[in-house]
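In: A structural model of the following input is requested.
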Amino acid sequence: MLSRGSTMRAYFEPKNCILSNDTKSIKITIQEARCLEYLIKHEGEFIRREMLQQECWIKRGVTVSDSAVRQSLYRLRRAFEDAGLPNLTLTTQARKGHILQKGSIALIHSGAKTDAYTDNSINPSVLNSINNDACGNFKPHFSVTSLLLIAKLLLLSALLFLAGFYSYQKIMLTDIKYHHSEEKEGRLYFYRKNQTYPQSAIERIHYWLRNKHVNYDNLKFIYLNNAWSGHISFYLCKGEMGSAGSDCTSIMIIGEHHP
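Out: Below is the predicted model:
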């Protein structure tokens with residue numbers, strides 16, 4: 001970069017996360033600003049990857065992967081490119097470390113009267129953005145269109161969830177109603193409404209209860225659910241289903257054979 005007619009310069013103000021030249025300023029993230037400030041303070045020195053990670057992340061209580069470090073350095077190089085700095089401003093030795101070329105970027109502290117200000121090489125509008133735009137004020141910007149799209153997606157997700165929940169209620173939860181069918185040896189047998197069962201179903205249940213294959217003498221209410229292919233399922237309850245203390249047990253008899 002040239003200033004004073006021959007050499008272009010870049011400037012970095014860490015408090016505001018601004019990298020600038022004599023015509024424009026580039027906003028970088030707080031984490032990138034921390035890395036850049038450390039590199040500038042050690043310009044011309046070989047900084048091992050582990051040391052950079054320790055100083056810029058770990059000392060601040062942040063655990064970070066090598067991939068995250070590489071991403072931060074990649075974004076810094078993009079910012080250098082936007083500021084017109086040469087490609088070799090920040091060089092890397094694979095898996096070892098990094099070197100920031102000495103004299104490539106001047107470090108500016110808010111309110112300080114440095115050569116960067118007095119040489120009049122920075123456009124006043126750029127200086128104004130450096131002085132007035134703090135790091136903490138850096139926020140992502142979302143357009144109205146993006147916000148509306150996000151709102152529509154959230155609304156659609158909510159509608160799909162409610163539709164799925166309603167379908168589940170209709171399909172999986174069925175209101176079963178019974179009617180009194182008959183009484184046999186002190187037990188009341190109930191059938192599901194609108195369903196018919198062969199007489200053998202009642203006989204088989206009675207057989208198993210009478211012969212103590214299912215020993216629940218104090219359970220007198222039987223609610224027949226299904227009888228198919230020789231299998232029978234029913235509830236055996238102490239009281240009427242739905243009443244306090246009904247204490248129902250679900251039972252299934254498999255096969256048609258009576259032992």
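In: How much space separates the residue lying closest to Leu236 once chain neighbours are set aside from Met241?
Out: Nearest residue to Leu236, sequence neighbours excluded (Cβ to Cβ, 6 or more residues apart in numbering): Leu219, at 4.6 Å. All C-beta spots, glycine's among them, are computed from the backbone N, C-alpha and C. Separation of Leu219 from Met241 (Cβ to Cβ, to the nearest Å): 12 Å.
In: of the two, who's got more company?
Out: Taking neighbours as other Cβ atoms under 10 Å, Leu219 and Met241 compare with Leu219 leading, 20 against 13.
In: wait, what's in contact with that one?
Out: 236-238, 247, 249 (Cβ atoms under 8 Å, 6 or more residues apart in numbering).
In: among the residues you listed, which ones are buried?
Out: 236-237 (16 or more other Cβ atoms under 10 Å).
In: Looking at the contacts of Leu219, which are in strands?
Out: Mapping the contacts of Leu219 onto strands (DSSP state E) picks out 236-237, 249.
In: and those as TSV, adding pLDDT and distance to Arg9?
Out: Below are the ones in strands among the contacts of Leu219 laid out as TSV (pLDDT from 0 to 100; distance: Cβ to Cβ, whole Å):
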residue	pLDDT	distance to Arg9
Leu236	83	91
Cys237	88	89
Thr249	83	86
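In: Now do the domain split for this structure, please.
Out: 10-137, 178-253 (automatic domain parsing).
In: What distance do you get for the residue lying closest to Ala33 once chain neighbours are set aside to Arg49?
Out: Take Ala33 and drop its neighbours on the chain: the residue closest to it by Cβ to Cβ, 6+ apart is Cys17, 4.3 Å away. Distance from Cys17 to Arg49, counting by Cβ to Cβ: 23 Å.
In: higher neighbour count, these two?
Out: Neighbour comparison, Cys17 and Arg49: the larger count goes to Cys17, with 26 against 18 (by other Cβ under 10 Å).
In: is it true that that one touches Ser25?
Out: No: Cys17 lies out of contact with Ser25 (Cβ atoms under 8 Å); the separation is 9.9 Å.
In: coming back round to it: just curious, which of the ones in strands among the contacts of Leu219 is nearest to His109?
Out: Using Cβ to Cβ, Thr249 comes nearest to His109 of the ones in strands among the contacts of Leu219, at 79.7 Å.
In: ok, and the closest non-adjacent residue to the closest one?
Out: Leu236 (5.0 Å).
In: from what I can see the one you found touches Met252, true?
Out: No: distance between Leu236 and Met252: 11.2 Å, which falls outside the contact criterion (Cβ under 8 Å).
In: Give me the contact list for stretch 50-69.
Out: 31, 34-35, 38-39, 49, 97-98.
In: go with 6 Å
Out: 34-35, 38 (Cβ atoms under 6 Å, 6 or more residues apart in numbering).
In: where in the protein is pLDDT low?
Out: 1-8, 110-146, 168-175, 194-199, 212-215, 228-230, 255-259 (pLDDT under 70).
In: Ranking by neighbours, what's the top pick from the contacts of stretch 50-69?
Out: Top of these by neighbour count (other Cβ under 10 Å): Cys35, with 25 neighbours.
In: Assumed His179 was part of a helix.
Out: No: assigned with DSSP: H, G, I helix; E, B strand; the rest coil, His179 falls outside any helix and is strand.
In: Report the beta-bridge partner residues of it.
Out: Judged by DSSP bridges, the bridge partners of His179 are Tyr191.
In: what about the helices in the stretch 151-259 of the chain?
Out: Assigned by DSSP state H, counting those that start in this stretch, the stretch 151-259 of the chain shows helices spanning 199-210.
In: what residue lies at the spatial centre of this protein?
Out: A centroid search over the chain (Cα atoms, centre = their mean) returns Leu154, at 14.4 Å, as the residue closest to the centre.
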